[in-house]
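K.L.:
following is a predicted model, sequence given first.
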Amino acid sequence: MSKIRIAIAGVGNCASSLIQGLEYYKDVDEKDELVPGLMHNVFGGYKISDIEPVAAFDVDSRKVGLPLEEAIFAGENCTIKFSDPPKTDVIVQKGEVLDGIGKYLSEKIPVDKNQKPVDVAKVLEESNADLLINYMPVGSEKAARYYAEQCLKAGVAFINAMPAFIVSDEGWAKRFEDAGLPCAGDDIKSQVGATIVHRVLTQLLLDRGVKIEKSYQLNIGGNTDFYNMLEEERLKSKRISKTSAVQSLVPYKIPLRIGPSDYVDFLNDNKVCYIYMVGRKFGDVPLTIDLKLSVEDSPNSGGVMIDAIRATKIALDRGITGRLISISAYSFKHPPVQYPDSVAKQMVEEFIRGERER
């Protein structure tokens with residue numbers, strides 16, 4: 001199989017976990033024990049070692065100009081270090097700032113105005129990137145669309161890991177289809193995070209005949225993602241994404257409050273989630289679930305992204321264009337079409353075997 005040449009926009013904690021994971025699992029093949037967080041060690045013929053970073057973009061002056069393997073541990077990045085990626089020729093280049101730095105992030109992220117942004121589309125072309133992963137901060141609506149636009153210009157596939165509605169938007173999806181490019185998104189799920197746990201509990205109650213009456217999901221953390229989300233006006237799409245991921249399973253409307261709640265500095269990349277659900281079972285007898293989940297946030301999506309990368313490359317190989325329905329439903333909170341997770345997983349398996357087009 002050929003290499004999967006990836007570009008990354010936003011060299012934060014999630015990018016750090018992804019790059020570390022590529023090194024940590026570089027020798028894994030079909031015969032090894034299944035890697036935690038992956039659907040398959042070898043996915044449609046592609047190993048983890050087939051994924052190769054070729055370009056990276058950021059605006060933090062402490063990262064711009066550094067080799068990628070150093071930049072993932074620079075600045076405010078605080079996720080757990082579990083491997084030492086090898087030296088590469090990939091130097092982090094400056095992208096356009098646009099709305100990527102909000103009111104709170106501007107207090108922590110230095111931006112050197114003397115560093116000129118590069119021509120992203122040109123870099124993507126010259127690096128022969130197959131796809132770009134958008135890891136922009138929550139609320140970076142203009143920046144997310146800017147990188148999608150650069151992919152269209154350069155003829156590069158697009159994976160949207162953040163909650164800006166691009167892949168799930170009919171207009172953007174049509175543009176990628178017309179350009180002959182696949183896209184997957186929006187808003188990456190975790191391996192076992194707040195949204196997937198909430199969805200599984202919701203499906204369990206529905207399957208067992210419980211009438212769900214109300215629920216909330218509150219999250220706190222200490223990384224720059226949570227600090228950024230103190231700016232409430234940047235949270236609109238994030239709340240919609242997380243809420244629709246749960247509400248889409250329930251065939252009736254319920255009072256539902258989901259979203260980031262606060263920033264706690266000393267938690268670093270640890271995220272603490274509280275899920276509360278109230279329903280009625282036989283005899284209208286009340287049922288309550290009150291759950292706490294604590295996870296290292298950024299590694300939680302690393303394996304999910306590796307599968308999304310490989311599915312997107314398969315689409316490129318097969319000449320599939322436009323939005324990828326199956327991997328988007330399985331790996332993202334706000335896909336073009338919502339399916340129960342068990343159904344979405346089966347759809348991805350069919351896609352890998354070539355039994356489903358997208």
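P.N.:
Arrived safely, thanks for sending. Numbers count the residues shown, from 1 in each chain.
K.L.:
quick one: the strands in this protein?
P.N.:
4-9, 51-58, 92-94, 131-134, 157-160, 182-184, 211-221, 256-263, 270-280, 286-296, 322-323 (DSSP state E).
K.L.:
export these to CSV and tack on distance to R239?
P.N.:
Bear in mind the C-beta positions are built from the backbone N, C-alpha and C, glycine included. Formatted as CSV, the strands of the chain follow (distance: least, C-beta to C-beta, whole Å):
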stretch, distance to R239
strand 4-9, 23
strand 51-58, 26
strand 92-94, 30
strand 131-134, 19
strand 157-160, 17
strand 182-184, 22
strand 211-221, 10
strand 256-263, 4
strand 270-280, 15
strand 286-296, 19
strand 322-323, 22
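K.L.:
hey, least reliable of those by pLDDT?
P.N.:
Among these, strand 256-263 carries the lowest mean pLDDT, a mean of 90.
K.L.:
send me that one as PDB with only the CA atoms.
P.N.:
Provided in PDB are the C-alpha atoms of strand 256-263 (Å, rounded to 0.1, in the frame of the first residue of the first chain):
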ATOM      1  CA  LEU A 256     -31.300  18.200  27.500                       C
ATOM      2  CA  ARG A 257     -28.300  20.400  28.500                       C
ATOM      3  CA  ILE A 258     -24.900  19.300  27.100                       C
ATOM      4  CA  GLY A 259     -21.600  21.100  26.900                       C
ATOM      5  CA  PRO A 260     -18.400  22.300  28.500                       C
ATOM      6  CA  SER A 261     -19.100  23.800  31.900                       C
ATOM      7  CA  ASP A 262     -15.800  25.200  33.300                       C
ATOM      8  CA  TYR A 263     -12.000  25.400  33.200                       C
END
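K.L.:
re earlier: wait, which of the strands of the chain is closest to Q191?
P.N.:
Of all the strands of the chain, strand 286-296 sits nearest to Q191, with 8.6 Å by C-beta to C-beta.
K.L.:
next one: the residue nearest to E213 when sequence neighbours are not counted from Q217, what distance?
P.N.:
Residue nearest to E213 in three dimensions, not counting chain neighbours: V278, with 4.9 Å by C-beta to C-beta, 6 or more residues apart in numbering. For V278, the distance to Q217 (C-beta to C-beta, to the nearest Å) stands at 13 Å.
K.L.:
could you do P36 as well?
P.N.:
24 Å.
K.L.:
cool, and M229?
P.N.:
For M229, the distance to Q217 - C-beta to C-beta - is 14 Å.
K.L.:
repeat that for V97.
P.N.:
From V97 to Q217 the distance is 31 Å (C-beta to C-beta).
K.L.:
how many other residues sit next to E355?
P.N.:
9 (other C-beta atoms under 10 Å).
K.L.:
and it, what pLDDT?
P.N.:
For E355, the predicted pLDDT is 96.
K.L.:
any low-confidence regions in the protein?
P.N.:
Within the chain, the segments meeting pLDDT under 70 span 1.
K.L.:
what's the longest helix in it?
P.N.:
The residue-count maximum for a helix in the chain (DSSP state H) belongs to helix 302-318.
K.L.:
and that helix, what's buried?
P.N.:
302-316 (16 or more other C-beta atoms under 10 Å).
K.L.:
taking strand 4-9 as reference, get the angle to it.
P.N.:
120 degrees (axes from the mean of the first three to the mean of the last three C-alpha atoms, to 10 degrees).
K.L.:
which other helices and strands does helix 302-318 contact?
P.N.:
Other helices and strands packing on helix 302-318, by 3 or more C-beta pairs under 8 Å, 6 or more residues apart in numbering; DSSP states H and E, are strand 4-9, helix 13-24, strand 51-58, strand 131-134, strand 157-160, strand 182-184, helix 325-331, helix 341-353.
K.L.:
now those as TSV including distance to K242 and mean neighbour count?
P.N.:
What follows is these, written out as TSV (distance: least, C-beta to C-beta, whole Å; neighbours: other C-beta atoms under 10 Å):
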stretch	distance to K242	mean neighbour count
strand 4-9	22	26
helix 13-24	16	24
strand 51-58	25	24
strand 131-134	18	26
strand 157-160	15	28
strand 182-184	18	30
helix 325-331	15	26
helix 341-353	15	17
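K.L.:
any chance of TSV for those, columns distance to L287?
P.N.:
Conversion of the helices and strands packed on helix 302-318 to TSV gives the following (distance: least, C-beta to C-beta, whole Å):
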stretch	distance to L287
strand 4-9	44
helix 13-24	35
strand 51-58	44
strand 131-134	40
strand 157-160	37
strand 182-184	36
helix 325-331	28
helix 341-353	22
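K.L.:
go through those and name the closest to F266.
P.N.:
helix 13-24 (15.9 Å).
K.L.:
what's next to the closest one, contact-wise?
P.N.:
8, 48-49, 51, 53, 56, 68-69, 72-73, 77-79, 81-86, 133, 135, 161, 188, 223-225, 269, 297-299, 301-303, 305-306 (C-beta atoms under 8 Å, 6 or more residues apart in numbering).
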